[in-house]
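**Student:** build me a model from this:
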Amino acid sequence: MSKPIISKAKQVGGLLFLSGVTGKGENAGDQAKDVFEKIKKNLEEAGSGLDDVVAATVYLTDINDRPKYFNPVWSQYFPENPPTRTCVEVGLAPPSKVEVTVIATIPK
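**Tutor:** Okay, here's the model as predicted:
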């Protein structure tokens with residue numbers, strides 16, 4: 001069995017870096033919900049949480065999905081004091097429409 005070429009999470013000091021997470025669903029909104037549930041689980045496994053996310057990079061196959069699908073989901077998971085965010089339009093392997101990476105702190 002070969003070794004993985006990337007890690008899904010990497011801790012450096014008090015920071016946690018999560019690799020790009022994709023999700024399942026019919027549209028970008030459904031996929032975003034699945035993505036954030038996976039991110040939430042990965043953060044909790046590392047002793048962190050959504051409140052500890054300081055930065056996110058969002059990759060969308062259609063930047064027009066941002067206001068219609070992605071932003072409402074983002075607001076549900078980060079209702080107050082959201083992390084910094086960069087959104088870019090990219091080509092993702094179908095059927096993915098959304099991929100998100102995050103950097104979070106790990107509270108002591």
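
**Student:** for the protein, just list every one of the strands.
**Tutor:** Defined through DSSP state E, the strands belonging to the chain, from first to last, are 9-12, 15-22, 53-60, 84-89, 98-105.

**Student:** average pLDDT for the first one?
**Tutor:** The reference is to strand 9-12. Looking at strand 9-12 alone, the average pLDDT works out to 92.

**Student:** for that strand, packing partners?
**Tutor:** Counting contacts by 3 or more C-beta pairs under 8 Å, 6 or more residues apart in numbering; DSSP states H and E, strand 9-12 packs against strand 15-22. Heads up, the C-betas are built off the backbone N, CA and C, glycines and all.

**Student:** any idea how far residue 53 is from residue 9?
**Tutor:** Distance, residue 53 to residue 9, using C-beta to C-beta, to the nearest Å: 13 Å.

**Student:** between these two, which one's more packed in?
**Tutor:** Looking at residue 53 and residue 9 with other C-beta atoms under 10 Å, you find the greater number of neighbours at residue 53, namely 25 against 15.
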